[in-house]
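Requesting a structural model of the entry that follows:
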Amino acid sequence: MFRLHCNKCYHLRTHEPTLAFHLSRCHHIICANCLERSAKDQKKCPLCSAPLQTIPIDRSMPSGMAQYFEDPNRFLKLYQKISKFQSDQRTSDNLGFWRQMQQQHDMELQLEGYNKIESQLNQQIKLEKQRIAELRRYLAHNEQAAPSSSSQGSSVNELRGTWSNQKRCPRPCTPSVTTTTDNSMSDETKENFFLDTSI
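Alright, predicted model coming up:
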């Protein structure tokens with residue numbers, strides 16, 4: 001902190017506490033005596049000749065102007081706290097953005113795994129439909145080939161006719177008894193399917 005004095009006559013306020021001092025708009029401190037002499041002339045600052053506009057230096061002066069007379073170390077510490085606070089907020093914002101990007105990447109991998117599983121399931125459904133169609137053809141052929149209870153006493157000629165018709169109609173291949181269901185997944189698909197998206 002500096003000693004409050006008039007920039008024109010260098011009179012210290014401590015030497016005459018009752019003497020009023022003023023702060024000009026051009027940032028000069030002028031005592032009441034020098035201000036009165038300047039006001040009698042052209043109302044210009046006695047130091048730089050700028051248009052003279054002043055406010056008294058007392059407790060009623062605006063806080064923005066009163067800060068000029070306070071210890072700058074206090075503002076330095078305040079600005080350090082403000083700078084640290086804003087830096088922490090920027091770091092938090094960047095961290096949140098990075099986590100969102102990681103989460104989006106994990107979700108994309110999981111979606112890719114789901115798409116592969118869907119493709120495998122659709123292929124299995126297609127194979128099962130083909131197998132069901134083969135079973136239906138096989139059953140329909142056997143139902144036609146099996147003699148009914150009412151036709152057991154038919155003549156040999158009728159049976160021969162039936163057999164001859166069967167020879168002309170080829171018997172469908174016996175469907176495979178193994179199922180086409182395959183729940184196995186590739187290692188990459190398993191990894192994407194069970195991917196933990198938590199951060």
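
From the centroid of this protein, which residue is nearest?
Taking Cα atoms, centre = their mean, the centroid of the chain lies closest to residue 100, which sits 3.8 Å from it.

Just the element for it, please.
Assigned by DSSP states H and E, residue 100 belongs to helix 72-145.

how close does residue 101 get to residue 88?
For residue 101, the distance to residue 88 equals 21 Å [Cβ to Cβ, to the nearest Å]. (Each C-beta comes from the backbone N, C-alpha and C, glycine too.)

Surely residue 45 and residue 38 touch.
Yes. At 7.1 Å, residue 45 and residue 38 qualify as touching, with contact defined as Cβ atoms under 8 Å.

Quickly list what's touching both of these two.
Common neighbours of residue 45 and residue 38 are listed as 30, 52 (criterion: Cβ atoms under 8 Å, 6 or more residues apart in numbering).

mind listing what residue 60 touches?
Contacts of residue 60 by Cβ under 8 Å, 6+ apart: none found.

What about the closest residue to residue 75 other than its chain neighbours, how many residues nearby?
Counting by Cβ to Cβ, 6 or more residues apart in numbering, residue 75 lies nearest to residue 67, which is 7.2 Å off, once chain neighbours are set aside. Residue 67: 11 surrounding residues under other Cβ atoms under 10 Å.

What pLDDT is listed against residue 67?
The per-residue pLDDT reported for residue 67 equals 87.

Roughly how far does it sit from residue 138?
In terms of Cβ to Cβ, residue 67 sits 98 Å off from residue 138.

and residue 10, that's in a strand?
No. Under DSSP: H, G, I helix; E, B strand; the rest coil, residue 10 sits outside any strand and is assigned coil.

Quick check: the gap between it and residue 31.
Relative to residue 31, and taking Cβ to Cβ, residue 10 is found at 9 Å.
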